[in-house]
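Participant: got a predicted structure plus its sequence, pasted below:
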Amino acid sequence: MAYTISRPKLNFAEKVYLPAIITGLGITIRHFINIVTGKTKVTMQYPEEKWDKKLPPYYRGAPTLVKDEYGRERCVACQLCEFICPPRAITIHAGEIPEKDRWRKVEKFPKEFEIDMIRCIYCGLCEEVCPEQAIFLRKDYAITGLTRQEMVHNKEKLYELGGVMTGLVYKWNDKK
Amino acid sequence: MIITIVVSLAKAIGLIFLIILPMVSYTVYAERRVSAMIQDRIGPNRVGIPLTLFGFPKDIPFYGLVQPIADAVKLLLKEDFTPAHVNKLYYWLAPACAMAPSMMALAVIPFGSQLWGEPMVVANVDVGVLWVFAVSSLGVYGIVLAGWSSNSKYPFLGGIRSSSQMISYELSLALSVIPIFMVCGTLNLPDIVKYQIDHGWLISPIWIKGISLFPPGINFQEIWRSIDILKIILWIPLFISFIVFVISMFAETNRLPFDLPEAETELVGGYHTEYSSMKFALFFLGEYAAMIAGAAVIVTLFFGAWHVPFLPTTLHNPYTVWGVLLGLIHITAFFVKVALLLFFFIWVRWTLPRFRYDQLMRLGWYFFIEIALVNVFIVAIILPFVPK
Amino acid sequence: MSAPTELLNVQIDGVWYQFKKGTRVIEACAQAGKFIPHYCYHPKLSSPGNCRMCLIEMGMPKTGPDRKPELGADGKPVISWIPRPQISCAQDITEGMGVRTDSSLVRECRHGVMEFLLINHPLDCPICDQAGECHLQEYSVEYGTAGSRFLEEKVKKPKRVELGPRVTLDDERCILCSRCIRFMKEIAHDDVLGFASRGSHTYLTAHPGKRLDSNYSLNTVDICPVGALTSTDFRFKMRVWFLKETKSICTSCATGCNTIVGSRENVIYRQTPRENDAVNSAWMCDYGRLNIHYVNSPDRLKFPQVREAQGLANVSWKTALAKAGEELKQFQRNSVAVVASAKMTNEELWLTKKLIDSLGTVYHDVVPRAGQADQLLMSADRNPNTLGAQLFGITSEYPGSKLREMTEKIASGEIRAVVALGEDLTQIGLAESDLKKLTALIVVGILPNETTRNASVLLPACAFSEKRGTMINIKGRLQRLNHATLAPGEARDDWEIIRDLLQQLTGSNGIYLIDDVFKEIAETIPEMTGLSFGRIGDHGVQLVEESEDAQPVAMTV
Amino acid sequence: MEIPAELEARIDQEITHFPISKRSAALPLLHLIQEHFGYLEDEAIEWIAQKLGLQPINILELVTFYPMLRREPAGKHHIRVCRTLSCAMAGSYELLDTFCKHARIDRQHNGHGAHSLKSEDGKYSIEFVECLASCGFGPVCMIDDDFYESVTQEEVPQLLEKYQ
């Protein structure tokens, strides 16, 4: 049901706006003066100043794929990252590991694994959701390219960026 | 005769191309920097001299002062797109209409004392103030034409808003300055400046005459005589005039908090929604040119134009180095005053939110016209008692 | 339903309900809105009660010394609870029975059962195709414990076993519910699966040398509650949670099994049966199930083409249709033949009939497809909509009876133009040279064949998953096809193509939506009076009484 | 696989003992055939299934379920080692290892389920069994039909010597 919202009664000073306007002008000029006199801290001036040395361990840079100490690609193409990815940047085509392969017991591997870095928002959900600890957000943040195609990281590129990650859970160890 | 034309042309071209247009561009830059600083940011500080283009290892950032040039180049190089559904003639005419009037208004503004004996005003017209009002209100045609010829709903709304806003505020704008003419007894802008030099800037309630730096000296009698209770009483309506005039000027130049014709958040840019490239730039620059013209008028009417207190207004021989220097100081003084006002314009823009349309109309028609009208009568009542 | 069924009183979680006699306890609970987790129980199969997941607390009415149930203060029998938990899937309800589905004992039992089931489970959900529709996953979230207390080595069992040409088995994932064994025994009547060995080493297998090659083998994959049995065709192709599920019907034979088409981004990955007791119970055959991949064939016809000097050239729809209309207008009544298909929907057939009428030709028929009927679902008629074609008069009581005359006349040059709708003319006994003789050959099709290569106008159409429409199955049931994927290229819905052809001949006909076509049918055909796509619903509508000679559907419960 | 007429007659006779369901005759039949051939090859399983009107898989389930039924021929001499509690504590696991070592039986060959292990030359086969009813004198074992109590690891070579 419709109901009436009672509006506040304004006094004269409020009605003519002027005191409020002057207060407002005071606030903005204070900010202006503070920045001119160097009292305000401003954001980092990116190309000149870089954060590379101070990047925290939890920094979320470009998502990459990693291999384990035995050179096995950790990804088993479960496609959970593809599912969770909010901008749908990930595309995976799964394949079956042939019987003769050393890692046949893992059975499944990504035939293609592509991350569209134009779409990626570096949210890190893929890393969080990965049940195999195969995808990690590394510290590369300046991902650039001249073509759209170049910005789609394929499997090779992702492994190149990701490299080897040791000391992770190795659950396929005792699988037949 | 030819010499007069040449000199006038030189003044006009010098004023517009050497001073006003660069000033317009740098007002844009100032707008961005000041707004950034008010918002605790830095603003454009990067575009400088691109030495890397010529093989040097580093650019010179130069506080981003080259930004306006980069902007201009960008706007010039952008595709100039004319939508199919527009009325071509008026669509092309509108940007010119937006830019030209403010330039024309500047013609009667005395932006300096004199250089080599030549008064620093392009046209010394007896009806100077009327010229300013007449010409600057043409600016609305640009907006209305743009809004109408774009043949699209948002520009159309922008155009309508602009014309009704202009009508509302033109009245109070003109009414608010009538007390000045009554006090000064002239419509000629250089004469009004002269009056202010003699009797004090109209913005100031008391005028300390008798202190001089060239030659140094203090004349106490003169100081005593300049303090007059009736003049202080007279200053009150003049100050009201000033307030109404400045606020109306905000509305006239479509500046926030009265930028309803543009109103990005509601009208997607209003009248210039369909414009791109240099045509858009013309609207954009026209707006800033109007702002400069408005500031110049305010400076002329209330802040003594080029006058600098304690400095002589003229030398015996204006052809000496000192004479020329004094002329240049006066020109500088004028534009410093304009610049300060522009800063005020920017400052206000980044402080106040936009008015609602009905609030704007209410303010114009219910308050400003009445205040300005009553003000005229008050001045008329006081004026006979004030000694000349 | 002969005599009125006796109703029994059962108390479930403290509330008294009435159920029909003969209801299993687990079903009674489901009817009362109490879900009981289960693995081995399947409503269409017998209950061995071996998974122990459906344990509940059960009680019987307390009998007094007078051998009559004691009544409590509320007038209902007092229940004496059995101290041990009971399975609810293998027992029918009895009068005055009490059931507790959520007591602490029951919860503890479920915890325990889940822990036991997961002891030897490989926990390889990331690579398991069942993940996302796995009961083991679901129940372990709902009833299981997060951690395992089992530290010993897990039992190793065969993995990646090819049980048959279409089914792959992973014994480590198997929870020994025996649903597949029971299905093969009770429904498919091909008892090839069994458990070998014993204890924790028990594994599912087929007898050495025997294979799970029944035409119904993939149903075991559907009913497998875990990822032990997986479809070799679907294996590692797509995770199930990506699949868009569209209710549809199978178009591989006249039975018209109800299906769910699983597709993602315009690719069909699988087709699974959808329960409809009037048609296919909960099953379908492997043949129909896997007969979907042609839809995603890269060879699909994508652009309308017309014959020019150099051969077929891509043109716009407008040009192609105009050319087709121009060609059709040239020919006398009986110099045109229309070869329609009983794979078309009713709407398409209806428009085809109108096209035939406006051409005025007597040469029209559909191409029969006969196969071997089995005792289960598959029908001998491999066309999904022969009844529709008969109903609208495209063909006679004996489909294909006119084809011989038509081929002869085409070969002799008497018929000079043919409209081929979704059929390959070489399949009805025409040689390629006969096709070349035709002045006009307007072909509507989805895949290239001899006929499309010889077409004068080629109009690309939609496959079964790309269109809406209705079909009538062999038992006279009107069922709906739904739109699951988009047609490739510029291919268009068949009914639109036929409508446009018709427009070329008769001018505008005011049909813009497929619903308009159906409305017209419903207004004209008495059997369909009052029907609409919405009224047909997901389970179809019986149009004619089931005839005696129609294929009986396996209905073993 | 040739079923002698005499055996088949016994089988037919055995089936008549189960008039209600022929299926119940499966176990006696398996015993008979294993007695005759020493083990149950797949062909035998299929033969029984056919005989009883069942599917081979039904018989296979039985064969793999009961440890006494063998699908592979045992060695010339079959060794059974008890692994029930008292023997296990008295060292029957070690005893089995020792047997394997001396009889050259490869334990790694073990698959899933309970298969007996066979030496390379086929002379010996060995398996764990449950209680042999001499718990007081563990570890106990049986070689063919001979029963030995309190077997020490040192005795193993001698024992094997006896069965050549």
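Facilitator: Structure's in. What do you need?
Participant: could you find the closest non-adjacent residue to C:Asn334?
Facilitator: C:Thr361 (5.6 Å; C-beta to C-beta, 6 or more residues apart in numbering or on different chains). All C-beta atoms are positioned from the backbone trio N, CA, C, and that covers glycine.
Participant: do the same with D:Gly53
Facilitator: Among residues not flanking D:Gly53 along the chain, D:Lys22 sits closest, at 6.2 Å (C-beta to C-beta, 6+ apart).
Participant: wait, the one you found touches D:Gln50, no?
Facilitator: No - judged on C-beta atoms under 8 Å, D:Lys22 makes no contact with D:Gln50 at a distance of 11.4 Å.
Participant: returning to that earlier point: and the pLDDT at the residue nearest to D:Gly53?
Facilitator: In this prediction, D:Lys22 carries a pLDDT score of 85.
Participant: cool, and D:Gln55?
Facilitator: For D:Gln55, pLDDT reads 89.
Participant: now it: closest residue in space, sequence neighbours ignored.
Facilitator: Ranked by C-beta to C-beta, 6+ apart and with sequence neighbours excluded, the top spatial neighbour of D:Gln55 is C:Asp191, at 4.1 Å.
Participant: C:Pro85 too?
Facilitator: Nearest residue to C:Pro85, sequence neighbours excluded (C-beta to C-beta, 6+ apart): C:Leu55, at 4.1 Å.
Participant: count the neighbours of that neighbour for me.
Facilitator: Neighbourhood size, C:Leu55 [other C-beta atoms under 10 Å in any protein chain shown]: 25.
Participant: give me the distance between it and C:Cys109.
Facilitator: Distance check for C:Leu55 against C:Cys109: by C-beta to C-beta, to the nearest Å, it reads 4 Å.
Participant: now do the shared contacts for those two.
Facilitator: Residues touching both C:Leu55 and C:Cys109 (C-beta atoms under 8 Å, 6 or more residues apart in numbering or on different chains): C:Pro85.
Participant: what sits against residue 159?
Facilitator: You didn't pick a chain, so chain A it is. When contacts are counted by C-beta under 8 Å, 6+ apart, A:Tyr159 touches A:Thr64, A:Leu65, A:Val66, A:Lys67, A:Glu73.
Participant: not quite, I wanted chain C
Facilitator: By C-beta under 8 Å, 6+ apart, the contact set of C:Lys159 is A:Lys105, A:Glu107, A:Lys176, C:Asp170, C:Asp171, C:Glu172.
Participant: go again using 6 Å as the cut-off
Facilitator: C:Asp170, C:Glu172 (C-beta atoms under 6 Å, 6 or more residues apart in numbering or on different chains).
Participant: which helix or which strand is home to it?
Facilitator: Using DSSP states H and E, C:Lys159 sits within no helix or strand.
Participant: pLDDT score assigned to it?
Facilitator: In this prediction, C:Lys159 carries a pLDDT score of 89.
Participant: and what of the one 3 residues further on?
Facilitator: What the model reports for C:Glu162 is a pLDDT of 92.
Participant: ok, B:Gly139 next?
Facilitator: Predicted confidence (pLDDT) for B:Gly139: 80.
Participant: next, it: phi, psi?
Facilitator: Backbone torsions of B:Gly139, given as degrees, to the nearest 10, read phi -50, psi -30.
Participant: that one reaches B:Pro101, doesn't it?
Facilitator: Yes - under the criterion of C-beta atoms under 6 Å, B:Gly139 makes contact with B:Pro101 at 4.3 Å.
Participant: double-check that D:Glu127 belongs to a helix.
Facilitator: No - read with DSSP: H, G, I helix; E, B strand; the rest coil, D:Glu127 is strand and lies in no helix.
Participant: look up how far D:Leu160 lies from it.
Facilitator: With C-beta to C-beta as the criterion, D:Glu127 and D:Leu160 are 16 Å apart.
Participant: touching, C:Met58 and C:Arg84? I think so.
Facilitator: No - in this structure C:Met58 lies outside contact range of C:Arg84 using C-beta under 6 Å: 9.1 Å.
Participant: more neighbours, those two?
Facilitator: Of the pair C:Met58 and C:Arg84, C:Met58 is the one with more neighbours under other C-beta under 10 Å, namely 21 against 10.
Participant: which positions are bridged to the closest residue to the more buried one other than its chain neighbours in the beta structure?
Facilitator: Using C-beta to C-beta, 6+ apart and skipping residues adjacent in sequence, the residue nearest C:Met58 is C:Gln86, 4.2 Å away. On the basis of DSSP bridges, C:Gln86 is bridged to C:Ile56.
Participant: which parts of the chain are strands?
Facilitator: Here I'm looking at chain A. Here chain A has its strands, by DSSP state E, at A:63-65, A:90-96, A:108-116, A:135-137, A:152-153.
Participant: my question was about chain D, not that one.
Facilitator: Here chain D has its strands, by DSSP E, at D:77-82, D:117-118, D:124-129, D:141-143, D:146-148.
Participant: closest to A:Ile90 out of those?
Facilitator: strand D:117-118 (50.2 Å; C-beta to C-beta).
Participant: what does the helix or strand bottoming out on mean pLDDT in chain D rub up against?
Facilitator: Least confident helix or strand of chain D, by mean pLDDT, DSSP states H and E, is strand D:117-118 with a mean of 76. With contact meaning C-beta under 6 Å, 6+ apart, strand D:117-118 is reached by D:Gly75, D:Ile105, D:Ser125, D:Ile126.
Participant: check what pLDDT C:Phe183 gets.
Facilitator: 95.
Participant: in contact with it, which residues?
Facilitator: Taking C-beta under 6 Å, 6+ apart as the test, what C:Phe183 contacts is C:Asn219, C:Thr220, C:Ile223.
Participant: picking that back up, confirm the residue nearest to D:Gln55 sits in a strand?
Facilitator: No - per three-state DSSP, C:Asp191 lies outside any strand segment and is coil.
Participant: that one reaches D:Gly53, doesn't it?
Facilitator: No - using C-beta under 6 Å, C:Asp191 makes no contact with D:Gly53, being 11.4 Å away.
Participant: and residue 32, what is it in contact with?
Facilitator: By default, I'm working from chain A. A:Phe32 touches B:Met37, B:Ile38, counting by C-beta under 6 Å, 6+ apart.
Participant: oops, I was thinking of chain D
Facilitator: D:Leu32 touches D:Ile11, counting by C-beta under 6 Å, 6+ apart.
Participant: if we can go back for a sec, which of the contacts of strand D:117-118 lies closest to B:Asp126?
Facilitator: So of the contacts of strand D:117-118, ranked by how close each gets to B:Asp126 (C-beta to C-beta), first place is D:Ile105, at 128.0 Å.
Participant: list the beta-bridge partners for that closest one.
Facilitator: D:Ser119.
Participant: all helices for the stretch 201-350 of chain C, in order.
Facilitator: Using DSSP state H, counting those that start in this stretch, the helices of the stretch 201-350 of chain C run over residues C:218-223, C:286-290, C:317-330, C:346-359.
Participant: give the contact list for B:Asp80.
Facilitator: B:Ser277.
Participant: mind redoing it with 7 Å?
Facilitator: When contacts are counted by C-beta atoms under 7 Å, 6 or more residues apart in numbering or on different chains, B:Asp80 touches B:Ser276, B:Ser277, B:Met278, B:Lys279.
Participant: which of those lies closest to C:Leu430?
Facilitator: Ranked by distance to C:Leu430 (C-beta to C-beta), the contacts of B:Asp80 are led by B:Ser276 at 62.0 Å.
Participant: pull the number of nearby residues for that closest one.
Facilitator: Close neighbours of B:Ser276, defined as other C-beta under 10 Å, add up to 15.
Participant: any idea how far stretch A:160-173 is from the chain center?
Facilitator: 20 Å (C-alpha atoms, centre = their mean, to the nearest Å).
Participant: no wait, stretch D:157-164
Facilitator: 20 Å.
Participant: what's that stretch in contact with?
Facilitator: So stretch D:157-164 is contacted by D:His77, D:His102, D:Ala103, D:Ile143, D:Asp144, D:Tyr148 (C-beta under 7 Å, 6+ apart).
Participant: now do 10 Å
Facilitator: Contacts to stretch D:157-164, defined as C-beta atoms under 10 Å, 6 or more residues apart in numbering or on different chains, come from residues D:75-79, D:98-99, D:101-103, D:119, D:123-124, D:141, D:143-144, D:146, D:148, D:151.
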